[in-house]
Every structure is written in C-alpha cells, then in structure tokens.
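[1] what would the 3D arrangement of this be:
(chains A and B)
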Amino acid sequence: GQQLNQSPQSMFIQEGEDVSMNCTSSSIFNTWLWYKQDPGEGPVLLIALYKAGELTSNGRLTAQFGITRKDSFLNISASIPSDVGIYFCAGQLSGTYKYIFGTGTRLKVLA
Amino acid sequence: DVKVTQSSRYLVKRTGEKVFLECVQDMDHENMFWYRQDPGLGLRLIYFSYDVKMKEKGDIPEGYSVSREKKERFSLILESASTNQTSMYLCASRIGPGSGEQYFGPGTRLTVT
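    Numbers count the residues shown, from 1 in each chain, chains lettered A, B, ... in the order given. I've put the predicted structure just below:
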C-alpha cells in the first residue's frame, strides 16, 4: 500500500537536543496527524493539523501543516529519554475516510 | 480522554481457527477502523465502519470480515486463520467524517501457527 515519505528514518541524539522530522506526499491532504508509537503498543496521537500553514504546539512538540498541503514537519525541543520511540505522520485524503501513513522515524535519545 | 480498548494484547491461534478480535470505544464515535501493521509495510486498512451495521472494505479485506452491531463495538473476524495473518492488529476510531483525529487502541499481537 501507499506510504508517505518520512525522513529521517532514524535519529540518535543527545538528551537536550532539538529534533526535526518531516513527511512529504504527492497527494493533497486536508488533515495531518502526528503519532508516537512505543514497541508493542498502539500509536498515540500527538498533534492534529487542519489548515495549510497551521502551526500547532503540544508541550515541547510543534508541528506545521505545509502551505502546499503536501507536507508536514514535527519538531521536538529539548529532548528527554522518554521521547524514545517511533514517530509517524498520517495524512487524510481530502473527501475520503482514508489515511496514508508515513514510514516512521525511529528516535533514540542518549542520556 | 478518548479510550479505545482491544480485547487481547497477545493471541496465539492455530491455522484454520476462527478468530475474533474485539474493539470498544467509549466516546460515542461514529467511525471505526481496523488496520494491520507489519514491518516495512506500515499500517494497512482492512475495514472501515462509518456507523452501526455499515462497513466498507479497506485495502486488504481478503480473509477478514467485520461486525458492528453496537456503536461502541467493532469486531474483526478471521474466518480461517492463516500464518500470513500473523501481525499486529490495531483498532481506531474517530468522531465522524468531519473530524480528522483518529485514535488507536493498544493493539493485538496475533500469532498464527
């Protein structure tokens, strides 16, 4: 099935550093979602974006809905060890119930 | 807080068995989804239900069926389990077509031997 291009695939960072990841698509979306998934668990919704250009924060997390509606990025500031996990994006295709999911970014934080 | 629960976290079944996976949400959501998640393939939609007794096939419905008799409960049925159905199964729900926010359950890791 179709997946969104997400980069980077993995990151090793030091505690306290900022992190940035992004998703790009050839399709236009009317909603972008960002999730975090721990091993063996279900994805947890972090941020939802609904308008082109929208910038939304949730604590140390900030996400933006790209102007073209074909991309989105997620920033994590001042990372901590519990930020470890897999982050992935999801875009909802306009006028449908279907979501396309990103390939995921595996984040490891070194204390 | 939205809560989506799944009946089992881990399940081991034999080839040919009929398997039921249950999902319950407590937020009166109209729409519910079943996905499977496999390494390298990401999340793939099996079935979608937009209301009680209403369903649509997703991208990979073969070998699966669903049931939604009550709004809060969405069941996935493997009619005759096969080894290629070994996977992580994730249920999700959302308020309705006007809302993009989709909430997932904790997942069921199914192994078919």
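
[2] quick check, B:Asn84 in a helix?
    Yes: per DSSP: H, G, I helix; E, B strand; the rest coil, B:Asn84 lies within a helix segment.

[3] so which helix or strand takes in the residue of chain A found nearest chain B?
    Per C-beta to the nearest C-beta, A:Thr31 is where chain A lies closest to chain B, at 2.9 Å. (Each C-beta comes from the backbone N, C-alpha and C, glycine too.) For A:Thr31, the host element (DSSP states H and E) is strand A:29-37.

[4] tell me which strands the helix or strand following that strand pairs with, and in which orientation.
    Later in the chain than strand A:29-37, the nearest helix or strand by DSSP H and E is strand A:44-49. Applying DSSP bridges, strand A:44-49 is found paired with strand A:29-37 (antiparallel).

[5] and the end-to-end length of stretch A:44-58?
    13 Å (C-alpha to C-alpha, to the nearest Å).

[6] just the CA atoms of the strand holding A:Thr31, as CSV, please.
    The C-alpha coordinates for strand A:29-37 follow below in CSV (Å, rounded to 0.1, in the frame of the first residue of the first chain):
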residue,chain,number,x,y,z
PHE,A,29,-4.4,16.2,2.4
ASN,A,30,-7.0,18.1,4.5
THR,A,31,-5.6,16.8,7.8
TRP,A,32,-2.2,15.9,9.0
LEU,A,33,-1.7,13.9,12.2
TRP,A,34,1.5,13.0,14.1
TYR,A,35,1.7,9.9,16.3
LYS,A,36,4.2,8.3,18.6
GLN,A,37,4.4,4.6,19.0
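
[7] just to revisit the earlier point, contacts only, for the residue of chain A closest to chain B.
    By C-beta atoms under 8 Å, 6 or more residues apart in numbering or on different chains, A:Thr31 lies in contact with A:Ala48, A:Leu49, A:Tyr50, A:Gly91, A:Gln92, B:Gly100, B:Glu101.

[8] okay, and the beta partners of A:Leu107?
    Going by DSSP bridges, A:Leu107 forms beta bridges with A:Met11, A:Gly85.

[9] secondary structure element for the residue positioned nearest the centre of chain B?
    The residue lying closest to the centre of chain B (C-alpha atoms, centre = their mean) is B:Trp34, at 2.8 Å. Element membership for B:Trp34 (DSSP H and E) is strand B:31-38.

[10] flag every residue of chain B that's near chain A.
    B:4, B:6, B:31, B:41-45, B:48, B:50, B:56, B:59-60, B:90, B:97, B:100-107, B:109 (C-beta under 8 Å from any C-beta of the partner chain).
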